[in-house]
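A.B. asks: need coordinates for the below:
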Amino acid sequence: MSLDRSDVEKIAHLARMEMDESQIDAYAKDLSNILGLVEALEAADTDHVEPMAHPLHMAQRLRPDRVSEGDHREENQAIAPNVEAGLYLVPKVIE
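C.D. replies: You can find the predicted model right below:
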C-alpha cells in the first residue's frame, strides 16, 4: 500500500498534528514502508503455528518452601502490655 501526500495530510489532520510542508513527502514514504512491512507479515503462513501466551517457555523459579524463622510468639507476647488468648489487646481507636 502506498500513501500519497493527501493521505498523510488527512492522517495529520485526524491526529491533530501540525506538519511541516517540506516533510510530508518523507512521512508518506516512511508510512508506506511501514504498511508494506505489515502486508509482508500478513502474507506469512501461520496456519500451523500454535498461539503462545509468552514467546519463551519458562517456569518461575521458586525458592524451596522451608521454615527459616522459629516461633517466637511466647517471647514477643511476654513483653506486650495486654495479651489475651494469644492475641494482642490494644485500646479502641474508632468509636
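A.B. asks: now do the strands in the chain.
C.D. replies: Along the chain, counting by DSSP state E, strands occupy 83-84, 87-88.
A.B. asks: so which of those is nearest L37?
C.D. replies: Closest of the strands of the chain to L37 is strand 87-88, at 64.1 Å (criterion: CB to CB). Any C-beta I mention is one placed from the backbone N, CA and C, and that applies to glycine too.
A.B. asks: pull the residues that contact that closest one.
C.D. replies: Applying CB atoms under 8 Å, 6 or more residues apart in numbering, the external contacts of strand 87-88 come out as Q77, A80, N82.
A.B. asks: need those residues in TSV with distance to A15, neighbour count and pLDDT, can you?
C.D. replies: Shown next, in TSV, are the contacts of strand 87-88 (distance: CB to CB, whole Å; neighbours: other CB atoms under 10 Å; pLDDT from 0 to 100):
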residue	distance to A15	neighbour count	pLDDT
Q77	65	14	94
A80	64	11	93
N82	65	10	93
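A.B. asks: next one: the longest helix that the chain contains to chain centre, how far?
C.D. replies: Longest helix in the chain by number of residues (criterion: DSSP state H): helix 24-42. Averaging C-alpha positions (CA atoms, centre = their mean, to the nearest Å) puts helix 24-42 27 Å from its chain's average.
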